[in-house]
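> below are the sequence and a predicted model; questions follow.
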2 protein chains.
Amino acid sequence: MAHTPLPSARDSMEQDQFLTILSREDALARFEAALFPRALPSERRSLAGALGCALAEDIVAPIDVPPFDRSNVDGFAVRSADLSSVSEAAPVRLKLNDEVIACGIAPEKPVLSGTATSIATGGPVPRGADAIVMVEHTQPTGPRAIEVRRAASPGQFVSYAGSDIARGEALLRAGTLIGSREIGMLAACGIERVSVVRRPRVAVISTGDELVQPGQPLRPAAIYDTNGAIVTAAITENGGDATFLGAIPDNEQQLESAMRKALANSDMLVLSGGTSKGAGDVSHRIIARLGKPGIIAHGVALKPGKPLCLAVCDGKPVIILPGFPTSAMFTFHDMIVPVLRRMAGLPPRSDAKVAAKIPVRIASELGRTEFVMVSLVEGADGLIAYPTGKGSGAITSFAQADGFLKIDALADQMPAGSETEVTLFTPHVRVPDLVIVGSHCTGLDLVTAPLARAGLVVRSIAVGSLGGLAAAKRGECDFAPIHLFDEKSETYNTPFLSEGLELVVGWRRMQGIVFRQDDKRFEGLSAQDAVRAALADPACIMVNRNQGAGTRILIDRLLGEARPDGYWNQPRSHNAVAAAVAQHRADWGMTIAPVAHATGLGFIPLAEEHYDFALVKARKQRPAVQAFLDALASDESRAALARAGFRPA
Amino acid sequence: MAHTPLPSARDSMEQDQFLTILSREDALARFEAALFPRALPSERRSLAGALGCALAEDIVAPIDVPPFDRSNVDGFAVRSADLSSVSEAAPVRLKLNDEVIACGIAPEKPVLSGTATSIATGGPVPRGADAIVMVEHTQPTGPRAIEVRRAASPGQFVSYAGSDIARGEALLRAGTLIGSREIGMLAACGIERVSVVRRPRVAVISTGDELVQPGQPLRPAAIYDTNGAIVTAAITENGGDATFLGAIPDNEQQLESAMRKALANSDMLVLSGGTSKGAGDVSHRIIARLGKPGIIAHGVALKPGKPLCLAVCDGKPVIILPGFPTSAMFTFHDMIVPVLRRMAGLPPRSDAKVAAKIPVRIASELGRTEFVMVSLVEGADGLIAYPTGKGSGAITSFAQADGFLKIDALADQMPAGSETEVTLFTPHVRVPDLVIVGSHCTGLDLVTAPLARAGLVVRSIAVGSLGGLAAAKRGECDFAPIHLFDEKSETYNTPFLSEGLELVVGWRRMQGIVFRQDDKRFEGLSAQDAVRAALADPACIMVNRNQGAGTRILIDRLLGEARPDGYWNQPRSHNAVAAAVAQHRADWGMTIAPVAHATGLGFIPLAEEHYDFALVKARKQRPAVQAFLDALASDESRAALARAGFRPA
């Protein structure tokens, strides 16, 4: 056994009393004060290699651009004074000089009064000439002369030397982010190499015995290392040069050695993992030995992200991100990105903000600034911000959010209907074409697949059947997928529709008892007999469903008054039931056939559940709604649903 | 001599009669119709390598995340029913099971009634347990038991299997742009490689005898190849894999061989250069032989960008960009980027738009949709859009613009004061901290350098002294740098100030006669004598300055009634005068000492010009204005100005 969480958790509680929990603003200010100002190391790069980097030096234009007085058209270099009296009625004849000025050809002969020199666009204007006449406004008269019928003003069609960029002017300032446009300015001046701020080298280490790298098989009780990949990518996105050093087990000696080596070879070290306090403590103890001043902030009054630890060791930032993915990503975004961009010489990321209304009350913890991840949909009168609330332990809370809203440390809630400001993760919101709010089903993904292929953006927000109905009544979605059983009428869904909603029939999902295929107790039994057999065996544990689920009603009917072991284990999804049985957390439960089969469980069918859609009538004519209805009725969808184990209605 | 522009230009005019000039919209629609729909080649990439790519396949979650019912806290796995009646007054004692569940450790023993199992955050909930009690809410009682003083609701601090991501759900759709958040979702499911749309391989060729690559010395009459570098970078910025093949001279055989080879190894070919019609024709003739259907649009009713040529050769797009940098970049941005992003599987670039007012009338050509590059400053009541109008031949017109406005093909102008919509090149406008509109001087760059170092954004818009005064009167800038000589009072600048403006004294610039150092005609003469000597020699050519320039007044005084050769050569800048003399376009002219010295010319001082600032009084208290005033008075600036040849006042 690796370690005992109980004692170390207590140690850390005691330790916490000596550490002040800082506000988000204080923590960031102290962290930045310990790191800046600092010299940013620079390196010389070719123009192509400098794309996306910050310029490390002021650039003064070394030449004039254009470098000479240039013709802007194909035509003839002339003296404007020769053409001062010219008109259609009184054309002027000019003798052609024995020279043709192409691009790249320096003129050798002057344009004397009464003459003209043939010149191509981009050619240098010859001595004596002060204007260009376009070829279209001339006529050849004989082999070596032209006739001109329009006057030419001095400087006509001439770009003077230095009129674009003047030698000696400040072309670009240090700190400028180099994009294609800056590269163009440098190239125009003949500059091929520039000094740029070297990308900060950032080492990333995941910690935890339980972590398995993506691509490897998952052991029981282990999880995939999410933070390693996401932090590495986020560093790249923000101007860092990231090196992921893998997941290190919670072994103090091994971890210290890895951290020392990583820090020696980089400008910054980011650790993540260590979800438990015990594991985190190991890293904290090591940081205290890595260099001065050490830990700047350990614990920030920020939600998600309280366990964030900020340190500076001999001038290099060392960060321990919280282990939970959404906490890790949000704190990285909010607290680490500003520092990383500053070390990379990049301008602060500018976050776009939009106004939105929240559809539901959001509770908040007093005393911590709380950031709530939200996804945006178009409501009847503006944007609606739905909390993507699967919690800080979920990766999807962050990954599927469009942005976040902030609840002040002094507020304990944000009431439903509040107007709020949402900071966007990407500059533009693409409001989805089709919004589906309610109970999710993998069958739904099959029906929306052709819409996605056609470029429509479909947003599906899983809030359960009742939450979906409420959203539909408020007009915040197009469809609410529901599977609500009315015990009075013994029918599905229709009794729950209110005015403005219309039922669109979806599909049937067979519900039944699941058990492990090697469990002989249930072999060959009916659902009723299977439950009887389970109740007869005191060692047999069930897994239930949450109150309000249609499945729960079926279970309660089978159980009658019985409350067997496991009755209070009440997950909220079909998948969780299957996982509990497959992993021996329970011996039986009730789920739908496709989930049972995907998990490789035995399945005893009981009854069909109706998975239908409450359609918001006012939205029926929208193209995306029609596209969904077409897809639902299509042979393609029906076949795909049948293959996946659903029964199209 | 490479080619004769005259005949080929005529040929192309005749050819043009057979080619319809298409509207921008028609040209793009036909180009896209010839290219799409098309299969987008895909490739497998590791997660890290997939950053910034578009997913080529729908991804279905292969596992539940979390994969098991997980504890969200450090504490004890319990049966909630055991704690149903617990309170501070009536604590319950639970016997500790002989097991500690750390992260990554699968539980082996069930939690029976009356017992609890120690569990770390992230640990799998054992069989029998249905809730977690936080360690903080317990007390150890003896070595193997705990006392609990709070009730636990079923499911408390448990994240059920699949509650984050459910096995079988559509995780990401084909076409999704992979950022760090998407990488997090894939990693959470253990996916390490994904199929992404392969970046389109784009070959870039510059054409033109006159082109020199940056980093190489510039020959007379040659210019640096700007488009090669800028197009290559812009392709990279928009999801392409660009290969720059260098500049090819205007030789049909050599160019065709290079184009065929480039096209064979890539998905797209972009040519640029060929500013003259003659040079362009070579590429057009070659394209006609490269594959079907060939040229789709040659000439688009678009300004800048009319000469754009769009072709499709055996399914691959081939584009000839106009040679002038702003034309090339704007047409690339407007017409090529949409196609490139679509080939890369990327969503259309979303351009942000802002409302702005134009301070000056903008003339436009009837019959062509005209795009005017603008830079934005904050006015008294909203954003002001200044045309960066150095023309399509200038790189800075595009590179220094914040965005562009559109003038309809049917309009011949946009009146001063019009409200218009500006499409931004980057999602956010950073309104500059300090706006300087007027006459530019390289000395100004020296004074603003410390502001730039301090992170202030300084925008300097060169519109000449009078344009600056007008902007200052309208309150569109902080300072207008001016050097206006009043002939009546024989003083500089002060007589030109109107109400609301205040003079800030800048520096003096010595004006004088410039000549090539090896020109013995001017050796040892005073300015007056030098002009007399020049007038006496009919072979001697001058370069003048534009009407309205302070320098022009000095020149006219020296010349009196004389109108020597070159009088009508009237460039608008000190640098152009120096370049004309250095390059033998002229033999003498008048410019300022620092420019004369930088160009290596002989200089005969004549009179000092006063370069001062009209300060908008209402803006005086702004921090950036104060910072500028401080910088102007600083020893650092004064020393830098003196070193550069200016005389601080």
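Cool, got the structure. Residues are numbered from 1 along each chain as shown, chains lettered A, B, ... in the order given.
> residue contacts, A:I555?
A:544-545, A:590 (CB atoms under 8 Å, 6 or more residues apart in numbering or on different chains). For glycine as for every other residue, the C-beta is placed from the backbone atoms N, C-alpha and C.
> what does A:R150 give?
A:R150 sits next to A:83, A:86-88, A:133, A:137 when contact means CB under 8 Å, 6+ apart.
> equivalent analysis for A:D433, please.
By CB under 8 Å, 6+ apart, the neighbours of A:D433 are A:451, A:456-458, A:623-624.
> out of the contacts of A:I555, which is nearest to chain B?
For the contacts of A:I555, the closest approach to chain B (CB to the nearest CB) belongs to A:N544, at 8.6 Å.
> is it true that the closest one lies in a strand?
No - per DSSP: H, G, I helix; E, B strand; the rest coil, A:N544 lies outside any strand segment and is coil.
> so what's it up against?
Neighbouring residues of A:N544 by CB under 8 Å, 6+ apart: A:552, A:555, A:566-570, A:589.
> repeat that for 6 Å
Applying CB atoms under 6 Å, 6 or more residues apart in numbering or on different chains, we find A:N544 in contact with A:567, A:569-570.
> A:A247 now?
A:206, A:211, A:225.
> out of the contacts of A:N544, which are inside helices?
Among those, no member falls in helices (criterion: DSSP state H).
> still on that earlier bit, ok, so of the contacts of A:I555, who is nearest A:G162?
Nearest to A:G162 among these is A:R545, at 77.6 Å by CB to CB.
> pretty sure the closest one is touching A:L554, no?
No - the criterion here is CB atoms under 6 Å, and A:R545 misses it with A:L554 at 8.9 Å.
> related to what we said a few turns ago, which of the contacts of A:N544 are buried, as a PyMOL select command?
A single PyMOL command selects the buried members of the contacts of A:N544 (16 or more other CB atoms under 10 Å in any protein chain shown):
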select buried, chain A and resi 567+569+570
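> want to try TSV for the contacts of A:N544, with pLDDT and distance to chain B as columns?
Formatted as TSV, the contacts of A:N544 follow (pLDDT from 0 to 100; distance: CB to the nearest CB, whole Å):
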residue	pLDDT	distance to chain B
A:Y567	97	8
A:N569	96	4
A:Q570	96	5
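> and the gap between the residue in the stretch 1-150 of chain A that chain B sits nearest to and B:M134?
Per CB to the nearest CB, A:G104 is where the stretch 1-150 of chain A lies closest to chain B, at 3.0 Å. As judged by CB to CB, to the nearest Å, A:G104 and B:M134 stand 78 Å apart.
> who has more neighbours, those two?
More neighbours surround A:G104 than the other of A:G104 and B:M134, with 22 against 18 (other CB atoms under 10 Å in any protein chain shown).
> excluding chain neighbours, what is closest to that one?
Leaving aside its sequence neighbours, A:G104 sits nearest to B:E210 (CB to CB, 6 or more residues apart in numbering or on different chains; 3.0 Å).
> so who does the one you found touch?
B:E210 makes contact with A:103-104, B:222-223, according to CB under 6 Å, 6+ apart.
> so of the residues you listed, which ones are in strands?
Under the assignment DSSP state E, these contribute B:I223 to strands.
> ok, and the most crowded of the contacts of B:E210?
A:C103 (30 neighbours).
> and it, what does it touch?
A:120, A:122-123, B:208-210.
> just give the nearest non-adjacent residue to it, would you?
Excluding the flanking residues, the one nearest A:C103 by CB to CB, 6+ apart is B:E210, at 3.6 Å.
> pLDDT score for that neighbour?
Here the pLDDT value assigned to B:E210 is 89.
> need phi/psi at it.
Note on B:E210: its backbone torsions stand at phi -90, psi 0 [degrees, to the nearest 10].
> any idea how far it lies from A:I183?
B:E210 is 20 Å from A:I183, by CB to CB.
> could you point out the helix or strand that follows the host helix or strand of A:E370?
Assigned by DSSP states H and E, A:E370 falls within strand A:369-379. Per DSSP H and E, the first helix or strand lying C-terminal to strand A:369-379 is strand A:382-387.
> buried set for that following strand?
Neighbour-count burial for strand A:382-387 flags A:383-387 (criterion: 16+ other CB under 10 Å).
> look at A:L6 and report its pLDDT.
43.
> oh sorry, the question was meant for A:K390
A:K390 carries a pLDDT value of 73.
> tally of neighbours for it?
A:K390 has 19 neighbours, counted by other CB under 10 Å.
> next up, the contacts around it.
Counting by CB under 6 Å, 6+ apart, A:K390 makes contact with A:396-397, B:164.
> ok, 10 Å please
With contact set as CB atoms under 10 Å, 6 or more residues apart in numbering or on different chains, A:K390 has these partners: A:326, A:373, A:396-398, A:400, A:462, B:159, B:163-165.
> and A:T138, by the same measure?
Taking CB under 10 Å, 6+ apart, one finds A:75-76, A:78, A:91, A:94, A:116, A:118, A:146-150, B:6 in contact with A:T138.
> residues touching whichever strand or helix holds A:A639, excluding its own?
Using DSSP H and E, A:A639 sits in helix A:635-643. By CB under 10 Å, 6+ apart, the residues outside helix A:635-643 that reach it are A:441-450, A:506-509, A:594, A:628, A:630-632, A:634, A:646-649.
> ChimeraX command to pick out the buried ones of the residues you listed?
This is how ChimeraX selects the buried members of these, with burial counted by 16+ other CB under 10 Å:
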select /A:441,442,443,444,445,446,447,448,449,450,506,507,508,509,594,628,631,632,646,648
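> out of the contacts of helix A:635-643, who's near chain B?
Contacts with chain B within the contacts of helix A:635-643, counted by CB under 10 Å from any CB of the partner chain: A:441-446, A:448-449, A:594.
> next step: the residues you listed restricted to helices.
With helices taken from DSSP H, the overlap with those comprises A:442-446, A:448-449, A:594.
> out of the ones next to chain B among the contacts of helix A:635-643, flag the one nearest to A:V312.
Of these, the one sitting nearest to A:V312 (CB to CB) turns out to be A:D445, at 46.4 Å.
> A:Q400 touches A:P432, doesn't it?
No - A:Q400 lies out of contact with A:P432 (CB atoms under 10 Å); the separation is 11.7 Å.
> what touches both of these two?
A:375, A:459-461.
> show me which of the residues you listed is closest to A:G246.
A:S375 (32.7 Å).
> separation between that closest one and A:N575?
21 Å.
> which one's more surrounded, those two?
Taking other CB under 10 Å, A:S375 and A:N575 do not tie; A:N575 has more neighbours (27 against 21).
> phi, psi for the more buried one please.
phi -60, psi -40.
> likewise A:A297?
phi -150, psi 130.
> okay, helices next: where are they in the stretch 101-250 of chain A?
Applying DSSP state H, counting those that start in this stretch to the stretch 101-250 of chain A gives helices spanning A:180-188, A:227-237.
> helices or strands up against the first one?
I take that to be helix A:180-188. helix A:47-50, strand A:59-60, strand A:170-172, strand A:193-197, strand B:223-224, helix B:227-237, helix B:325-331, helix B:396-399 (3 or more CB pairs under 10 Å, 6 or more residues apart in numbering or on different chains; DSSP states H and E).
> and the longest one, how far from the chain's centre?
If I follow you right, that is helix B:227-237. In this view, helix B:227-237 has its centroid 12 Å away from the chain centroid, taken as CA atoms, centre = their mean, to the nearest Å.
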